[in-house]
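**Q** just the structure for this:
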Amino acid sequence: AEVAAMLRKRREEQAARRAAQEAAAKAAIAAAAAKEEQRKRELQAAIEAERRRYEAEQKKAAEDAAALVEARRQAEEEERRKREEEEKEARAREAELAKGLQKRRAEQAARRAAQEAAAKAAIARGLQAEAQIKKEREEVFLAEQRRIEAQNIAKEVAQMVETVSSKNSVPGSEEFQEVMHALKRFEDQQRKQEERLARELMAKEAEEAAQMAVVIQSKDTVCSSQEFEKVLQVLQRIDEAQREKEQREEEQREEEQRQQQQRQQERLLATEHQQVFSCLPDVHLPA
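**A** Below you'll find the model as predicted:
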C-alpha cells in the first residue's frame with residue numbers, strides 16, 4: 001500500500017511537472033506568437049510607411065516634372081516673346097538706319113553735286129580768266145612784236161634809201177637792184193609775218209572758243225580743254241572712291257549685323273540649356 005501510494009504520489013508529481021512544463025511551454029509559445037505577431041505588425045507598418053514615402057516621392061517627382069515642363073514652356077514663351085520684341089526692335093533699327101543712310105547718301109549726293117557745280121563754275125571762271133589773261137598778254141606781245149618789226153623795217157628801208165641817195169644810184173644799177181631786192185624781201189617777210197600772225201590769231205581764237213564752249217546737260221559741264229578734262233577725271237576718281245568707301249562701309253555694317261545675330265542666337269541657346277539643366281530635380285528612387 002505504501003509502495004502504491006508512493007508510486008501514485010510520484011505519478012502525480014510527474015503529472016504536475018508535465019502540466020507545469022506544458023503550461024510553461026504554452027506560455028512561451030503564446031509569448032513567442034504574440035512577439036511574432038507584434039513583429040509582423042511592426043514590419044507591416046514599416047512596409048506601409050515605406051510605401052507611402054515612395055508614393056509621396058513619386059508624386060513629388062511627378063509634380064516637379066510637371067512644374068519643370070510648365071517652367072520650360074513659360075521660359076520658351078517668354079524667350080519667344082523677347083525674341084519677337086528684339087526682332088521687331090532690330091527691324092525698326094534697321095529701317096531707321098536705312099532711312100538715315102538714305103538721307104545721309106542724299107545729303108552727300110547733294111553736297112557732292114553742289115561741290116561739283118561750284119568746282120565746275122570755279123574752273124569755268126578760272127579758265128575764262130586764264131584765257132582772258134592769255135589773250136591780253138598775247139595781244140600785247142603781238143602788238144609789241146609788230147611795233148618792233150615795223151620799226152626795224154622802217155630803219156632798214158631808211159638806211160637803204162640813204163645808201164642809194166648817197167651813192168646817186170640810178171635804176172638799173174647794182175646798188176638800186178640791191179635796194180629793190182631788199183625791199184621785196186622785206187615786203188615778202190612782212191606779208192609772211194602778217195599771214196603767220198593771222199594764222200596764230202585764228203588758232204588762238206579757235207582754241208579759246210573750244211575752251212569756252214561750255215555745255216550744261218543734267219548739271220554736267222563738258223569742255224574740250226585738256227585742263228578741264230583732267231579736272232573731270234579727278235572728280236570722277238573722287239566720286240568712284242567715295243562710292244567704293246560707301247560700299248565697303250555697307251558690307252562692314254552687314255557683316256557686323258550678321259555676327260551680332262549669330263552671337264545673340266548662341267547666347268539664347270546657352271541660356272536655354274542652362275535653364276533646362278538647372279530645373280532638373282535630384283530624385284532618388286529606392287532600390
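**Q** mean confidence for the helix or strand containing R147?
**A** Assessed by DSSP states H and E, R147 sits inside helix 2-167. Mean per-residue pLDDT for helix 2-167: 85.
**Q** and it, what does it pack onto?
**A** Secondary-structure packing of helix 2-167 (3 or more C-beta pairs under 8 Å, 6 or more residues apart in numbering; DSSP states H and E): helix 174-212, strand 220-222, helix 226-279. Quick note: C-beta positions are derived from backbone N, CA and C, even for glycine.
**Q** weakest of those by average pLDDT?
**A** strand 220-222 (a mean of 45).
**Q** for stretch 133-146, buried residues please.
**A** For stretch 133-146, a neighbour-count test (16 or more other C-beta atoms under 10 Å) marks nothing as buried.
**Q** and what of stretch 85-105?
**A** Buried residues in stretch 85-105, defined by neighbour count with 16+ other C-beta under 10 Å: none.
**Q** could you dump it to CSV, C-alpha only?
**A** Written as CSV, here are the backbone C-alpha positions of stretch 85-105 (Å, rounded to 0.1, in the frame of the first residue of the first chain):
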residue,chain,number,x,y,z
GLU,A,85,10.4,92.0,-79.5
GLU,A,86,14.1,92.1,-80.2
GLU,A,87,13.5,91.2,-83.9
LYS,A,88,10.8,93.9,-84.0
GLU,A,89,13.3,96.4,-82.5
ALA,A,90,16.0,95.2,-84.8
ARG,A,91,13.8,95.7,-87.8
ALA,A,92,12.9,99.2,-86.5
ARG,A,93,16.5,100.0,-86.0
GLU,A,94,17.4,98.6,-89.5
ALA,A,95,14.6,100.7,-91.0
GLU,A,96,15.8,103.7,-89.1
LEU,A,97,19.4,103.1,-90.1
ALA,A,98,18.3,102.5,-93.7
LYS,A,99,16.4,105.8,-93.6
GLY,A,100,19.3,107.6,-92.0
LEU,A,101,21.7,106.0,-94.6
GLN,A,102,19.4,107.0,-97.4
LYS,A,103,19.2,110.5,-96.0
ARG,A,104,22.9,110.7,-95.5
ARG,A,105,23.5,109.4,-99.0
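**Q** which residues does it contact?
**A** Identification of contacts with stretch 85-105 by C-beta atoms under 8 Å, 6 or more residues apart in numbering yields E246, E250, R253, Q257, Q261, Q264.
**Q** number of nearby residues for the fourth one?
**A** As a burial measure, the neighbour count of Q257 was computed by other C-beta atoms under 10 Å and equals 14.
**Q** now do the contacts for E70.
**A** Counted by C-beta under 8 Å, 6+ apart, E70 has zero contacts.
**Q** next, find the distance separating it from E76.
**A** 11 Å (C-beta to C-beta, to the nearest Å).
**Q** and for L97?
**A** As judged by C-beta to C-beta, L97 and E76 stand 30 Å apart.
**Q** likewise I47?
**A** 43 Å.
**Q** number of residues surrounding A131?
**A** Quick note: A131 (other C-beta under 10 Å) scores 17 neighbours.
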